[in-house]
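Participant: predicted model follows, preceded by the sequence.
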Amino acid sequence: VVAGVPVAEAQRAEVREAMAGLDEDGLLLRLPAAFEPGYLGCGERGRAKVALLEAVADELPSGRASDALPAQDQLLADLCELIAPHLQEALGVSIEGRTNLMLRLPFAGAEDEARHPQPEP
């Protein structure tokens, strides 16, 4: 399940800029082919450059981008905690855990995708 939380446009712009910097520094990588559909979805939208937040946190510029991402991660954790009992009661579904925050940047085109080959499993 992919969940999104609304973020102010100014914060989105700063996050995009920070992501571009991480990409320029070679910190965004491709997932192995076996994992891409499960983590990113199928088809064109299921291919992207990614990084786990904790792996690149020290590389983020100080300011809103470095503050906004951990805050969004905590908000998602809080939402999961709040809805967990209701999901169990209404649907019989339990939340056992969640993955760490993954930053995702779509490829700019075929050339960009070619610069990010998938690693061997």
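Facilitator: Structure received. Numbering: from 1, shown residues only.
Participant: thought residue 47 was touching residue 104, still the case?
Facilitator: No: checked against C-beta atoms under 8 Å, the pair residue 104 and residue 47 is beyond contact range at 10.2 Å. Quick note: C-beta positions are derived from backbone N, CA and C, even for glycine.
Participant: more neighbours: these two, which one.
Facilitator: A direct count of neighbours by other C-beta atoms under 10 Å for residue 104 and residue 47 places residue 47 higher, at 19 against 15.
Participant: surely that one and residue 105 touch.
Facilitator: No: under the criterion of C-beta under 8 Å, residue 47 makes no contact with residue 105, lying 11.1 Å away.
Participant: helices of this protein, start to end?
Facilitator: Along the chain, counting by DSSP state H, helices occupy 9-24, 36-40, 53-56, 64-91, 110-114.
Participant: who are the neighbours in contact with residue 73?
Facilitator: 53, 100, 101 (C-beta atoms under 8 Å, 6 or more residues apart in numbering).
Participant: which of those residues count as buried?
Facilitator: residue 101 (16 or more other C-beta atoms under 10 Å).
Participant: got any ranges where the protein has weak pLDDT?
Facilitator: 1-6, 61-66, 121 (pLDDT under 70).
Participant: good, we can wrap up now.
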